[in-house]
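Student: Sequence and predicted structure below; questions after.
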Amino acid sequence: MTTEIHTLVGAYVLDAVDDIERAAFERHLRECDSCRAEVDEFRETTAHLAHDTWSVPPPWLRENVMAEVASTRQLPPMVPEAPAAPSARGLSRRRWLVSAAAVVVAAAGAGAAVYAVQDQRVRDQRQIAEAARLNEARVRQILAAPDVVLREQPVSTGGRVTVASSRLQNAGVVLLAAESAPAGRVFQLWTIRPGADPANAGVLAEGQSADVVVLEGLPGATDVALTLEPPGGSAAPTSALLADVKLA
């Protein structure tokens with residue numbers, strides 16, 4: 001057994017040793033009460049830091065580290081005639097301090113990352129809420145137009161498609177309320193214009209069978225159609241029309 005093995009306490013707890021060092025240190029632990037005590041203390045420290053209730057480093061850890069810094073004797077200067085060899089205990093404590101400081105930095109970074117993620121989620125939710133508010137206001141504006149025209153047609157598989165169109169607003173609102181789509185298929189809306197291929201007007205998510213869609217420039221179209229497509233939608237209709245609302 002060598003004195004250097006005492007210095008592996010911090011690295012062993014943080015799993016920063018190779019297989020040979022781990023095996024040697026675990027044999028040493030069976031004989032060294034001091035190292036066993038340090039391993040237990042360091043594991044308790046890292047367990048506190050890893051607990052999911054901490055998003056920032058606990059205040060007591062910084063105080064403990066600073067207290068250890070103040071009480072730990074520094075290495076003496078190198079003297080060629082009689083170089084002073086630090087004790088195994090001193091090296092172990094310094095290694096513990098380095099490891100603990102690294103844990104503090106990592107925990108602080110994790111706390112900042114958690115805050116950044118939470119802050120981004122708040123911003124995302126605000127943007128979603130604002131988009132929903134603007135969409136609802138636009139729907140009300142189109143439906144309240146003095147020239148709005150309502151047209152509807154049943155869906156062949158059950159349900160109904162209603163289209164409200166306003167030339168003054170140069171827009172329309174499509175209200176879809178259908179029966180559930182078959183497994184592995186989704187509803188997709190299309191606008192049809194003279195001399196042009198059907199254009200995607202909205203793809204519903206899997207399992208979704210109702211939606212309200214605002215279509216700007218709708219009065220220039222002749223039809224609003226509905227088909228069943230693979231999840232994610234298609235570039236062009238791949239199945240028979242389930243509904244075809246004539247606008248002209």
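Tutor: On my side now, so go ahead.

Student: could you pull out the strands for the protein?
Tutor: Using DSSP state E, the strands of the chain run over residues 149-154, 159-166, 171-178, 186-192, 199-203, 210-216, 223-229, 243-246.

Student: what packs against the fourth one?
Tutor: When you say that, I think you mean strand 186-192. strand 171-178, strand 199-203, strand 210-216, strand 223-229 (3 or more C-beta pairs under 8 Å, 6 or more residues apart in numbering; DSSP states H and E). The C-beta positions use only the backbone N, C-alpha and C, and glycine is treated the same way.

Student: same deal with the last one?
Tutor: Counting contacts by 3+ C-beta pairs under 8 Å, 6+ apart, strand 243-246 packs against strand 149-154, strand 159-166, strand 223-229.

Student: Quickly compare these and say which is most buried.
Tutor: Ranked by average neighbour count under the criterion mean count of other C-beta atoms under 10 Å, the helices and strands packed on strand 243-246 are headed by strand 223-229 at a mean of 22.

Student: what bits of this protein have low per-residue confidence?
Tutor: Within the chain, the stretches with pLDDT under 70 are 1-4, 6-7, 9-11, 13-17, 42-122.

Student: Domain-wise, how is this structure divided?
Tutor: Using automatic domain parsing, the domain parsing of the chain gives 3-117, 149-246.

Student: What's the end-to-end length of the shortest one?
Tutor: Put plainly, it is domain 149-246. The straight-line separation of the ends of domain 149-246 (C-alpha to C-alpha, to the nearest Å) is 12 Å.

Student: ok, residue 160 touching residue 150?
Tutor: No: with contact defined as C-beta atoms under 8 Å, residue 160 and residue 150 do not form a contacting pair (11.7 Å).

Student: Distance of residue 180 relative to residue 158?
Tutor: In this view, residue 180 and residue 158 are 9 Å apart by C-beta to C-beta, to the nearest Å.

Student: scratch that, residue 202
Tutor: The value you get for residue 202 to residue 158, if C-beta to C-beta is used, is 19 Å.

Student: same thing with residue 24?
Tutor: In this view, residue 24 and residue 158 are 73 Å apart by C-beta to C-beta.

Student: Looking at these two, which has the bigger crowd around it?
Tutor: Using other C-beta atoms under 10 Å as the criterion, residue 24 and residue 158 rank with residue 24 on top: 15 against 12.

Student: The more buried one and residue 129, how far apart?
Tutor: 59 Å.

Student: How about residue 146?
Tutor: Distance of residue 146 to residue 129, given as C-beta to C-beta: 30 Å.

Student: which one of these two has more residues nearby?
Tutor: Between residue 146 and residue 129, counted using other C-beta under 10 Å, residue 129 has the larger neighbour count: 10 against 6.

Student: Now residue 165: closest residue in space, sequence neighbours ignored.
Tutor: residue 172 (4.0 Å; C-beta to C-beta, 6 or more residues apart in numbering).

Student: So that neighbour is in contact with residue 220, correct?
Tutor: No: Residue 172 is beyond contact range of residue 220, at 10.1 Å (criterion: C-beta under 8 Å).

Student: Looking at the two, which has the bigger crowd around it?
Tutor: Between residue 172 and residue 220, counted using other C-beta under 10 Å, the more crowded position is residue 172 (27 against 12).

Student: so what's the more buried one bridging to?
Tutor: Assessed by DSSP bridges, residue 172 has beta-bridge partners residue 165, residue 215.

Student: cool, the one 5 residues further on as well?
Tutor: Listed by DSSP bridges, the beta-bridge partners for residue 177 are residue 160, residue 210.

Student: Tell me where the chain has helices.
Tutor: 9-13, 19-29, 33-50, 59-71, 88-143 (DSSP state H).

Student: count of residues packed around the residue nearest to residue 189 when sequence neighbours are not counted?
Tutor: With sequence-adjacent residues excluded and distances taken as C-beta to C-beta, 6+ apart, residue 189 is closest to residue 201, at 4.0 Å. Neighbours of residue 201 under the rule other C-beta under 10 Å: 19.
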